[in-house]
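> Got a sequence here, can you build the structure:
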Amino acid sequence: MQSTGCLPAGLADLPPGPELAAALDRIDLAAVPARDRLTVLEAWHRQDSHTRARFVRAMVAVGYADPDRPDSAAELPDPYLDWADEIRAALAWTRRAADGHADDAVALVVELPAVWAALERGQIDPPKAAVFLRHLVGLPAAQIAHLCALVLPRARRWTTSEISRRLRRLIMEIDPAHYERLFRRAHARRGVAACVTEDGTATITAHGLAPEDADAAVARIDRLAHQVRRAGHPGRLDQIRVDLFVGFLDGRLHTLTDAQIITALLHDAAGTDAPGQGQRRSPRARARQAGTARCTPTRAPAAQPPTEPAGTGVSRSEAQPAKAGAGSAGSGAGPAESGVESGDTVDLMSAAEAAARAEGERAEPQPVKGERVKAAAVGSPMRARRGVHLQIALSTLLGLDDRPATLPALGPIPASRARLLVAAQHRAPWRYALTGPDGRLLRAGALRTRPALADLDRTARAATDPGAPGLVDLLVDAELLGRLAAPASDLPGSWRPVLTEILAARGRALDDDPGARFPHTGLRRHVEFRDRHCTFVGCLTPARTADLDHTRDHCRGGPTTAADLGPACRHDHGLKHRGWTLTQPEPGIFVWRSPLGRVYRTRAEPLLPPLPPPLPVPPEDDHCCADDEADQSEDRPDPPLIVWRPPTPPEEPRPPPPPPATDLDEPPPF
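A predicted model of the protein is given here:
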């Protein structure tokens, strides 16, 4: 941005250090125009990161100092024993804090020098550096260098969540076996804990869960919370979610149907005061409430077709109205192409469901009429688990590669687990997305046909809740599709009808009704695949749980076409009505302009980005498995379930001890 005379020339590009510190010290913020204040903020941000890097380096220097020669600048080859206690005493830290910060400092400076250098240059900030620490500490030096080279150059414009997802995906891609071992170790250490906080309330946490289990559990609570709220519960959604969570765990809601659960929560709330009554509210909260009427998007008049079930978060405001009885069953093993038959009913026909339909919320997906799915274990009394939304490459399902699959709400998961999930969701709705050489969407559609279950996994069975079977998105590279469709290919026979259906490319044209208020199913599907997440900067809300928004508002003449639609989460959708402007110069490319004049350009990552070259670690050299046997020991003491937590902020867990140094000149496979 150009200087207005109130800021030093070139402040926006000035690297952190003494010169930037002096320049910032001379700035009178009260005299800086509004459009230049973000420039000052960014400069302070760079300088703060630089200062933190120097502080970390000074901490490490204490560890390498020689206590036997206090007047010498000579350094030890390794940090001396108990050096963290020097820092603990000097800075008046707790022992836990000193140990944790000391370990992080050594790991950052010694094991991750490229990350420390980026922090020192102000390219990343301390929270982003901490993400690199959590994911990379303990990996071989060759893998660390490779991952840093791929991620660090773009980390400045990514959020911590985006960096975390990319690092996880890359680690899975370059060394799937290592990530599997990491998962098994963490899953073996899974547990539940409760703590009492300084305000007298308690917190319950579970760790070491499989991502698909967490996704399904949270999705069920979220779905029920929205139904309870629509049925008239006065509480906030978060309050209702907590009441459901505790009710499931303590047994009060056990074995109840959804309708009975809603009735129970409404009864409990009947005698309570309205939430927030008599409480003071912040100016920001009051402003949000005042803007609600003009910021809330218009809802669609009907529920979503069950062949593509609704997401797990806030429902889309512009879903395509469903037509009961439309479509017919496909020729393969999959479900019908579109809506529920006229004689079918949903699980819940109550005030909550009536409100949901009136507001255009998409109902839960229905099973194919006549199908009933047994539990995963024969004779098990356990109910089938709710399905999840999973995106997986065709090449991965066929065993041609181990590309990680994606749970849009949580991020990447290993290919081996994803294959099992697809087999479990054999009867769920399936969709496909055909991609070009750049990995981006060419076209999408729904799939009627399925491969044989044995061609997915010989040990698996379809075992998800028939009332919530999930959704499988099959990502298909066009070049691979052409090769597999050739008669001479060794493709398993049951896959051929699936590929034939993809090649047929049936369905209506995307933009055949630009004057419609709401997009039809195919157009909605196309936009969800193309944009993947909310289009705002750094937002990872999945497209299926966001509002499908007209870039140019429909009431102002915006057409219902692929070039004027994009997903926006409920919060970011409201920004358009609170001073932000949004344009879509090309389909799938979005430009947000802030009230202070900043311009941000966003575009979704490709559905099938290029795979990096593999860089595996031999199992015998993988130190993540060193404690696996100890984890399974029956003599390992059980931790207390409920503990008192003193009134101090929670601290980051200490990273595992680093492995022995790796010689960079060592020949592959390192």
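> Now do the buried residues in the stretch of helix or strand A142 belongs to.
Assigned by DSSP states H and E, A142 belongs to helix 141-151. Neighbour counts over helix 141-151 (16 or more other C-beta atoms under 10 Å) mark 141-148, 151 as buried. (C-beta placed from N, C-alpha, C; glycine too.)
> can you check stretch 89-108 too?
Within stretch 89-108, the residues that count as buried by 16+ other C-beta under 10 Å are 93, 97-108.
> Give me the neighbour count for G17.
16 (other C-beta atoms under 10 Å).
> Hmm, it is touching H50, no?
Yes: applying C-beta atoms under 8 Å as the test, G17 and H50 come out as touching, 6.4 Å apart.
> Could you pull out the strands in the chain for me?
Counting by DSSP state E, the chain has these strands, from start to end: 191-196, 202-207, 389-393, 405-407, 411-413, 430-435, 441-447, 471-477, 547-550, 565-568, 581-586, 589-593, 599-603, 642-644.
> can you redo those strands as JSON lines with distance to W83, mean pLDDT and mean neighbour count?
Listed next are those as JSON lines, based on distance: least, C-beta to C-beta, whole Å; pLDDT from 0 to 100; neighbours: other C-beta atoms under 10 Å:
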{"stretch": "strand 191-196", "distance to W83": "30", "mean pLDDT": "92", "mean neighbour count": "13"}
{"stretch": "strand 202-207", "distance to W83": "30", "mean pLDDT": "93", "mean neighbour count": "12"}
{"stretch": "strand 389-393", "distance to W83": "47", "mean pLDDT": "97", "mean neighbour count": "24"}
{"stretch": "strand 405-407", "distance to W83": "42", "mean pLDDT": "97", "mean neighbour count": "23"}
{"stretch": "strand 411-413", "distance to W83": "37", "mean pLDDT": "94", "mean neighbour count": "22"}
{"stretch": "strand 430-435", "distance to W83": "52", "mean pLDDT": "98", "mean neighbour count": "22"}
{"stretch": "strand 441-447", "distance to W83": "54", "mean pLDDT": "97", "mean neighbour count": "22"}
{"stretch": "strand 471-477", "distance to W83": "50", "mean pLDDT": "97", "mean neighbour count": "24"}
{"stretch": "strand 547-550", "distance to W83": "53", "mean pLDDT": "95", "mean neighbour count": "26"}
{"stretch": "strand 565-568", "distance to W83": "50", "mean pLDDT": "98", "mean neighbour count": "28"}
{"stretch": "strand 581-586", "distance to W83": "53", "mean pLDDT": "98", "mean neighbour count": "14"}
{"stretch": "strand 589-593", "distance to W83": "47", "mean pLDDT": "98", "mean neighbour count": "17"}
{"stretch": "strand 599-603", "distance to W83": "44", "mean pLDDT": "98", "mean neighbour count": "14"}
{"stretch": "strand 642-644", "distance to W83": "29", "mean pLDDT": "50", "mean neighbour count": "10"}
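> I'd like to know which of the ones you listed lies nearest to R168.
Each of the strands of the chain has some distance to R168 by C-beta to C-beta; the shortest is strand 411-413, at 5.4 Å.
> Check the offset of that closest one from the chain's centre.
Put simply, strand 411-413 sits 8 Å off its chain's centre (C-alpha atoms, centre = their mean, to the nearest Å).
> coming back round to it: joint contacts of G17 and H50?
The contact sets of G17 and H50 do not overlap (C-beta atoms under 8 Å, 6 or more residues apart in numbering).
> What distance do you get for the spatially closest residue to G387 that is not a sequence neighbour to H146?
Of all residues not flanking G387 in the chain, G470 sits nearest, at 2.0 Å (C-beta to C-beta, 6 or more residues apart in numbering). Distance of G470 to H146, computed by C-beta to C-beta, to the nearest Å: 34 Å.
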